[in-house]
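Chemist: Kindly generate the corresponding structure for this input.
(chains A and B)
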Protein chains: 2
Amino acid sequence: MSEKKKIYKPKPISGFPEWLPETRRAEQQWFDHIRRVFESYGFCSIETPSVEALDAINAKGGDGGADTDKEMYVLERLHKEEGDKEARLALHFDQTVPLARYTAQHFNELVFPFKRYQMQRVWRGERPQAGRFREFYQCDIDVINVDTLPLHFDAEMPAIIWEILSSLPGMEDEKIQIQISNRKILIGLLEGLGIENVIEVTRWIDKLDKLDKNTVANELAGIGLSDENINTILSLALIKVSSSKELIAGISTSNQNDTMKEGIEELSFVLDQLQHLPNNAVVADLSIVRGLDYYTGTVYETRFVDDPSYGSICSGGRYDDLAGNYINKNLPGVGISIGFSRLFDRIRIKNQLPVSGISPADILVILPNEEARALMMATAQTLRKRGYNVETFHGASKIKRQLAYAQKKGIPYVWFPPFEDGQSHEVKNMDTGAQDNASPEEWTK
Amino acid sequence: MSEKKKIYKPKPISGFPEWLPETRRAEQQWFDHIRRVFESYGFCSIETPSVEALDAINAKGGDGGADTDKEMYVLERLHKEEGDKEARLALHFDQTVPLARYTAQHFNELVFPFKRYQMQRVWRGERPQAGRFREFYQCDIDVINVDTLPLHFDAEMPAIIWEILSSLPGMEDEKIQIQISNRKILIGLLEGLGIENVIEVTRWIDKLDKLDKNTVANELAGIGLSDENINTILSLALIKVSSSKELIAGISTSNQNDTMKEGIEELSFVLDQLQHLPNNAVVADLSIVRGLDYYTGTVYETRFVDDPSYGSICSGGRYDDLAGNYINKNLPGVGISIGFSRLFDRIRIKNQLPVSGISPADILVILPNEEARALMMATAQTLRKRGYNVETFHGASKIKRQLAYAQKKGIPYVWFPPFEDGQSHEVKNMDTGAQDNASPEEWTK
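Modeler: So this is what the prediction gives:
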């Protein structure tokens, strides 16, 4: 350390978040909670590599389509030798392409319906931009089956998501709402009306959460729709109800073709299964359409009731064909994805994350003097065996300094082994200041 | 699905492992166990981004030195625009460089001694090679302090590692041994003997686990060491003892300079603190030296007693200067790293991983008939609230089929809600076949 060194001062990399230990603890609590709920519904965990072969991504597209415009990071070996011939690898930008590839690759070894959850980082090779993550976590669940997939699972998704979001620590005061639709209803209507530019029309309908009704009506007129059709479409798309009874009552029975009827029936079934949730937890919102190519039935979005413009924090839906580009099987599925990092960061910025100590320790065992070292270690070990997280102080410093350490790290209890023979163990509650006799074999918080 | 599609058949990518759900469950159990032990000693979790700026990596080197030859993956944005000027990013190849950068960057916000654990993927941009991971998990703990770091922590590391490795599910029959040395002993001896090519000598000593004593002696003679010096060095390096008493008795008191004495004292302290561990769990092995530039005192390796040639599965040591290239502070530390994936894969290949079901569910609630759907859901919800993981069957299929599903997914209990009013709930133990009346509010496994 004596020679003068050149210092490289590190700075954050835009879009790659990193937390201090206290924030990371809250993040772990969130992951633990989400995992617990996923598993309580019998979903198993998988993890896929961080990379996929670029050829595999291009074959699949991502969210279904031939959408190879995704911003991706491709990898290059720093010390690549001349003439190396390897498949190009890219960091995955979602967990859908990896799931499709995984399901196809391991098809013969999986049990269907295959119910999996996945909580991994994904990457977007975007230009650096304030507030935009380039590395972030998603928490996905999907159910995949062969040939047909019961509607049961379409109803299970929102129940799981509600249970998670309504009890994430720090989300207690956030009003959220899951919005459900079934694409067959709107698509069926448009088909029935003989409308040809379905993609464009649904794209405008999708904007009804941001634009007002008249703006959307004008845009639809601009692409050639008649006033009558615009009225018919908008009165359907603006339906927002919370039960199948209201849904069926709300939709005009004229113009109902088979596609539409199927959609209404499916959405009714899903709503009926969710009646145990609190009022307004879930609504049928027929303006929800999502991407056109991928989803074929039920679709989900989730919004903050007080801040709908923040966009959906948890979205998904049903698809007919997960992995058709990888395997000659018909694999329908339904899934939903929590935009973990985006949600977590919002609650973090609002200062709503649960406050906890930096250390996961419940107890700091102090070292009264060097002779007591073995006793300190044994005391800590006894407490650990009983399930407590325990730090031991590293040197026989002044007690004041040892207490200050517990304070700074947020450790709630300080344990005093006897300073000399004949004395008792004592425990100090750092919150109340109370200090009492205690036994390492019997003490409880 | 009617049109003929081109199928891209996915295959595994060399060096990027991926597990089936049942193996992933075992992997989760391992992570949970390691995390629990780390936290029980008061280590906090951090995660760093998957990438570091290439300039930061080059400033630090990795494992300390100016070793920029590491095989790394650098990222390239697929749709990079002409003229984009961004720092080059590389996937981290260990967790030491990220820790150093993190500690320097957040120095003012951390509480010291900073005790952190980190369980993340790391990447090596190597040529594809059978049996070689290019993406794998490491589980690291380190303690960093400002200016001086008490030896207390050098002794804590092996205690933690022993607790983890000796109780990982599937490792029960593996005999492992943690080998400790203190580099000051050997380095002090070499200095005392006036030996100049210290790096080369230690490199040969490091090979004493693979080469026999005579081969190493010949090599040392080949680089110009006298027979007397070779004898002195080898009789020190071959010392393998399990207590400080034996250590002190084993080392000749002649030639002991201050560096050597310091090393012996430090190693003795560490051994004394580990006397509570089983016999042969930890030994002082003076042939352990590890890399020269980075470690300055205590060093650790961990081997399978029955297969030492497998190499170290958990290594580390003490370093004087964690982050001197990033911050003008003296930050000594001590740390150890479990080569998670390498260890897990060994136990997996030996078929020793705990066998568990594919589904995390304890119970499958069956659907006796469509009318009972609400009852099935309510039953499952009651059981979930009581802490059980519960799947519900998705359709009113034949009971035989529903039982087969539980069997295939390894779900240990099947729950029968009453088929009609007046009947009782029943639970079938899939292991024993016994089927008994039960109440969702009271049943226990």
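
Chemist: thought residue A:128 was touching residue A:134?
Modeler: Yes - using C-beta atoms under 8 Å, residue A:128 is in contact with residue A:134, at 7.4 Å. C-beta here means a position set from N, CA and C on the backbone, and glycine is covered the same way.

Chemist: In terms of neighbours, single out the busier of these two.
Modeler: It is residue A:134, of residue A:128 and residue A:134, that has more neighbours when counted by other C-beta atoms under 10 Å in any protein chain shown, with 25 against 13.

Chemist: May I have the predicted confidence score for that one?
Modeler: Residue A:134 carries a pLDDT value of 96.

Chemist: Repeat that for residue A:130.
Modeler: On pLDDT, residue A:130 comes in at 81.

Chemist: Helix or strand for the residue lying closest to residue A:147 once chain neighbours are set aside, just tell me which one.
Modeler: What sits nearest to residue A:147 in space, not counting adjacent residues and going by C-beta to C-beta, 6 or more residues apart in numbering or on different chains, is residue A:330, at 5.2 Å. Assigned by DSSP states H and E, residue A:330 falls within no helix or strand.

Chemist: tally of neighbours for residue A:330?
Modeler: Residue A:330 has 15 nearby residues by other C-beta under 10 Å.

Chemist: Nearest to chain B: which residue in the stretch 151-300 of chain A?
Modeler: Per C-beta to the nearest C-beta, residue A:152 is where the stretch 151-300 of chain A lies closest to chain B, at 3.8 Å.

Chemist: Might you report the residue contacts of the nearest residue to that residue once chain neighbours are set aside?
Modeler: Closest residue to residue A:152 apart from its sequence neighbours, by C-beta to C-beta, 6+ apart: residue B:394 at 3.8 Å. If a contact means C-beta atoms under 8 Å, 6 or more residues apart in numbering or on different chains, then residue B:394 has A:113, A:150, A:152-153, B:367 as its contacts.

Chemist: Quick check: strands, which of those residues are part of them?
Modeler: Using DSSP state E to define strands, no part of those is located there.

Chemist: In JSON lines, list the residues you listed along with distance to residue B:81.
Modeler: Formatted as JSON lines, the contacts of residue B:394 follow (distance: C-beta to C-beta, whole Å):
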{"residue": "A:113", "distance to residue B:81": "44"}
{"residue": "A:150", "distance to residue B:81": "47"}
{"residue": "A:152", "distance to residue B:81": "47"}
{"residue": "A:153", "distance to residue B:81": "42"}
{"residue": "B:367", "distance to residue B:81": "55"}
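
Chemist: residue ranges for the strands of the stretch 251-400 of chain A, please.
Modeler: Using DSSP state E, counting those that start in this stretch, the strands of the stretch 251-400 of chain A run over A:282-285, A:295-304, A:314-319, A:333-338, A:363-365, A:390-392.

Chemist: Just the buried residues of the helix or strand of chain A with the lowest mean pLDDT, please?
Modeler: Taking mean pLDDT, DSSP states H and E as the measure, the helix or strand of chain A with the lowest value is helix A:54-60, at a mean of 89. Within helix A:54-60, the residues that count as buried by 16 or more other C-beta atoms under 10 Å in any protein chain shown are A:54, A:56-60.

Chemist: Give me the nearest residue to the residue nearest to the spatial centre of chain A, chain neighbours excluded.
Modeler: Ranked by distance to the mean C-alpha position of chain A (C-alpha atoms, centre = their mean), the top residue is residue A:338 at 2.7 Å. Spatial nearest neighbour of residue A:338, excluding adjacent residues (C-beta to C-beta, 6+ apart): residue A:139 at 4.2 Å.

Chemist: What number of residues are in the vicinity of the closest residue to chain B within the stretch 301-445 of chain A?
Modeler: Proximity of the stretch 301-445 of chain A to chain B (C-beta to the nearest C-beta) peaks at residue A:391, 3.3 Å away. Neighbours of residue A:391 under the rule other C-beta under 10 Å: 27.

Chemist: Verify the stated contact: it with residue A:360.
Modeler: No - using C-beta under 8 Å, residue A:391 is not in contact with residue A:360; the gap is 9.2 Å.

Chemist: pretty sure residue A:378 contacts residue B:275?
Modeler: No - with contact defined as C-beta under 8 Å, residue A:378 does not count as touching residue B:275 (11.0 Å).

Chemist: C-alpha coordinates for stretch A:433-445, CSV please?
Modeler: Taking C-alpha atoms only, stretch A:433-445 is exported to CSV below (Å, rounded to 0.1, in the frame of the first residue of the first chain):
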residue,chain,number,x,y,z
GLY,A,433,-33.2,-1.2,27.1
ALA,A,434,-34.3,-3.9,29.5
GLN,A,435,-31.6,-6.3,30.6
ASP,A,436,-32.5,-9.7,32.2
ASN,A,437,-31.0,-13.0,33.2
ALA,A,438,-31.3,-15.7,30.6
SER,A,439,-30.2,-19.2,29.7
PRO,A,440,-28.9,-20.0,26.1
GLU,A,441,-30.9,-23.3,26.3
GLU,A,442,-34.2,-21.7,27.1
TRP,A,443,-34.4,-18.0,26.2
THR,A,444,-37.0,-17.0,23.7
LYS,A,445,-37.5,-13.6,22.0
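
Chemist: Quick check: buried residues in it?
Modeler: Buried residues in stretch A:433-445, counted by 16+ other C-beta under 10 Å: A:438, A:440, A:443.

Chemist: That one near chain B at all?
Modeler: No - using C-beta under 8 Å from any C-beta of the partner chain, stretch A:433-445 never reaches chain B; the gap is at least 14.3 Å.

Chemist: what's the domain layout of chain A?
Modeler: Segmentation of chain A into domains, based on automatic domain parsing, reads A:15-76+A:86-158+A:313-356, A:175-305, A:363-437.

Chemist: Go through the ones you listed and pick out the most buried.
Modeler: domain A:15-76+A:86-158+A:313-356 (a mean of 20; mean count of other C-beta atoms under 10 Å in any protein chain shown).

Chemist: Can you get me the start-to-end distance on that one?
Modeler: End-to-end distance for domain A:15-76+A:86-158+A:313-356, by C-alpha to C-alpha, to the nearest Å: 26 Å.

Chemist: Output the below-cut-off pLDDT ranges for chain A.
Modeler: A:1-5, A:61-69, A:292 (pLDDT under 70).

Chemist: which is the next helix or strand following the least confident helix or strand of chain A?
Modeler: strand A:73-77.

Chemist: Establish whether that following strand and chain B are in contact.
Modeler: Yes - for strand A:73-77, a contact with chain B is found by C-beta under 8 Å from any C-beta, at A:73-77.

Chemist: Would you format these as CSV with distance to residue B:267 included?
Modeler: Shown next, in CSV, are the residues of strand A:73-77 next to chain B (distance: C-beta to C-beta, whole Å):
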residue, distance to residue B:267
A:73, 46
A:74, 48
A:75, 43
A:76, 44
A:77, 40
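
Chemist: and for residue A:128 and residue A:134, which residues touch both?
Modeler: Common neighbours of residue A:128 and residue A:134 (criterion: C-beta under 8 Å, 6+ apart): A:14-15.

Chemist: any idea how far the nearest residue to residue A:441 once chain neighbours are set aside is from residue A:418?
Modeler: In space, and not counting its chain neighbours, residue A:441 is closest to residue A:382: 6.3 Å by C-beta to C-beta, 6+ apart. For residue A:382, the distance to residue A:418 (C-beta to C-beta, to the nearest Å) stands at 14 Å.

Chemist: ditto for residue A:18
Modeler: Separation of residue A:18 from residue A:418 (C-beta to C-beta): 43 Å.

Chemist: try residue A:349
Modeler: In terms of C-beta to C-beta, residue A:349 sits 48 Å off from residue A:418.
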